[in-house]
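Student: Dropping a prediction and its sequence here:
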Amino acid sequence: MFNVLGGVDLAEWLEVPLQYHTERKIIHVDMDAFYASVEIREHPELKNKAVVIAHDPRKNHGHGVVTTANYVARRYGVHSAMPAAQALKLIPSNELVFVPPHFDLYRQVSNQVHQIFHQVTEMIEPISLDEAFLDVTHNKKQEPNTIKLAKWIQQQIFKETHLTCSLGISYNKFLAKVASDHNKPIGRTIIRPEQALVFLHDLPIEQFFGVGKKTQAVLHDLNIYTGGDLIKVPQMTLIRRFNKMGFIMYQHARGVDDSPVQGQRKRRSIGKERTYSPEIQAEERVKRQLQLISQLVAEELAKKQLHGRVLVLKMRNSDFVTTTKRQSVDQYLNEAEQIFKIAWQLWQTYGDLADGIRLLGVTVTDLYPQSFENIDLPLFEQ
């Protein structure tokens, strides 16, 4: 017997035909190191520095989480969701600059970029402040050449914001997202229908959407290491092992993604919270509770096949004073360990046991289907 997910018997997925929709023209726009690039634009003296968007742990009792970093810092191994203190160990002090995030500024610039998108199409599906899908099959400029259109978008963004972006072009959202990560920064990559299977053949299975460490281990046990291995596995086998995710992996191995660009995607959030009586008085108990709550949030995200890029920690003390702190990252969050790591860093930075803790909550927001996540690729460049 198959399980039932979302009210659909998984046996029905076996009857769903593959729909390529190769007539679609999809562009995925991904701003390059967006937050860090905005800060460098505002402060040109940072141009050749390793810029890390985070509160300086030297001024914050060793606490802080990396939101993102520019490409200079990334070459040292710094990445989002890393403890800021670790960046101190990786980057020479004469090169490293911590800059606290300024989200109001980032939202302002993001709105400016979206105004450029609207000059091309109204079929715009935002993922976050720095990413969006555009369906340009029918566009306002009446331009049939998608590469020319992508080039115009890229140049216009630079002209109006002095920021760079990378673009992925293909016939569906999955491949467009994959393509935009291929040649960053300032890249333009196209995956045509006749290239898709060759492109995916050598793609490591870790870089397919939704394949976390646990799923990766199971796939490796099945001797599945690349897209070429995945495409050999019968659909029934994947569905039995991975339920709905197995059906999606089966589709993506064949370059299929039938999901349309949705111009009005509703922002959602998933969170869990717990109240305590008597109040929590020990930090070790806070840690255990955040681990538990993070696990519950991760399970709900997995159930709904969602992941997000903003984590919110909610704290309420015995006087019913409620504090919320949020952290944005440039990698999607869906695993309990990831969620807890950031929640714990926020607690260490902002938490206070002086009046006890009556409530703790963890929420992941800026959500998007797990069909897409950041990956790096080594093929087809234009």
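Tutor: Here it is on my side, so go on.

Student: okay, now the residue nearest to L46 when sequence neighbours are not counted: neighbour count?
Tutor: Leaving out its chain neighbours, the residue that sits closest to L46 by Cβ to Cβ, 6 or more residues apart in numbering is I40, at 4.8 Å. Every C-beta, even on glycine, is put in place using the N, C-alpha and C of the backbone. Other residues lying near I40 total 22 when counted by other Cβ atoms under 10 Å.

Student: Isn't I40 up against I53?
Tutor: No. I40 is beyond contact range of I53, at 10.6 Å (criterion: Cβ atoms under 8 Å).

Student: what sits up against stretch 278-289?
Tutor: The contact list for stretch 278-289, computed with Cβ atoms under 8 Å, 6 or more residues apart in numbering, reads 274, 276, 317-318, 344, 347, 351, 353, 355-358, 360.

Student: Among those, the buried ones, what's the PyMOL command?
Tutor: Filtering the contacts of stretch 278-289 down to the buried ones (16 or more other Cβ atoms under 10 Å) takes a single PyMOL command:
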select buried, resi 276+317+318+344+347+351+356+357+358+360
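
Student: Would you mind listing the two of the contacts of stretch 278-289 that lie farthest apart?
Tutor: Pairwise distances among those were taken by Cβ to Cβ; the largest, 21.6 Å, belongs to S318 and W344.

Student: Any regions of this structure where pLDDT drops low?
Tutor: Judged against pLDDT under 70, the low-scoring parts of the chain cover residues 1-16, 209-210, 264-267, 371-382.

Student: domains for it, by residue range?
Tutor: Each structural domain of the chain that the record assigns through automatic domain parsing is listed here as a residue range: 22-191, 192-265, 269-369.

Student: wait, what's in contact with H138?
Tutor: With contact taken as Cβ under 8 Å, 6+ apart, H138 is in contact with T121.

Student: so how far is K151 from it?
Tutor: Summarising the geometry, the distance separating H138 from K151, computed by Cβ to Cβ, to the nearest Å, is 19 Å.

Student: again with L46
Tutor: Separation of L46 from K151 (Cβ to Cβ) stands at 28 Å.

Student: Compare the two (neighbour count), which wins?
Tutor: When L46 is set against K151 and neighbours are counted by other Cβ under 10 Å, the residue ahead is L46, at 17 against 13.

Student: all helices for the stretch 51-200 of the chain, in order.
Tutor: Listed in chain order, the helices found in the stretch 51-200 of the chain under DSSP state H, counting those that start in this stretch are 71-74, 84-90, 103-118, 146-161, 173-180, 196-201.

Student: In the fourth one, which residues are buried?
Tutor: Just to be clear, that refers to helix 146-161. By neighbour count, and taking 16+ other Cβ under 10 Å as the criterion, the buried residues in helix 146-161 are 146, 149-150, 153-154, 156-157, 161.

Student: repeat for the second one
Tutor: By neighbour count, and taking 16+ other Cβ under 10 Å as the criterion, the buried residues in helix 84-90 are 84-85, 87-88.

Student: Nearest to G228, out of those: which one, please.
Tutor: Distances from G228 to the buried residues of helix 84-90, taken as Cβ to Cβ, are shortest for A87 (37.1 Å).

Student: I figured the closest one hits N70, correct?
Tutor: No. Counting by Cβ under 8 Å, A87 stays clear of N70, with 11.8 Å between them.

Student: Can you check which residues contact both of the two?
Tutor: Counting by Cβ under 8 Å, 6+ apart, A87 and N70 have no contacts in common.

Student: pull the CA atoms of stretch 281-291 into CSV?
Tutor: Output of stretch 281-291 as CSV, limited to C-alpha atoms (Å, rounded to 0.1, in the frame of the first residue of the first chain):
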residue,chain,number,x,y,z
GLN,A,281,15.9,29.2,34.8
ALA,A,282,18.8,27.3,33.3
GLU,A,283,20.5,27.8,30.0
GLU,A,284,21.0,24.1,29.5
ARG,A,285,17.2,23.6,29.6
VAL,A,286,16.8,26.4,27.1
LYS,A,287,19.2,24.6,24.8
ARG,A,288,17.3,21.3,25.1
GLN,A,289,14.0,23.0,24.4
LEU,A,290,15.3,24.8,21.4
GLN,A,291,16.6,21.5,20.0
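
Student: What are the buried residues along that stretch?
Tutor: Along stretch 281-291, these residues count as buried under the neighbour rule (16+ other Cβ under 10 Å): 286, 289-290.

Student: rewinding a little: make a markdown table out of the buried residues of helix 146-161 and add distance to V218.
Tutor: As requested, the buried residues of helix 146-161 are arranged in a markdown table below (distance: Cβ to Cβ, whole Å):
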| residue | distance to V218 |
| --- | --- |
| T146 | 37 |
| L149 | 41 |
| A150 | 37 |
| I153 | 40 |
| Q154 | 39 |
| Q156 | 45 |
| I157 | 41 |
| T161 | 43 |
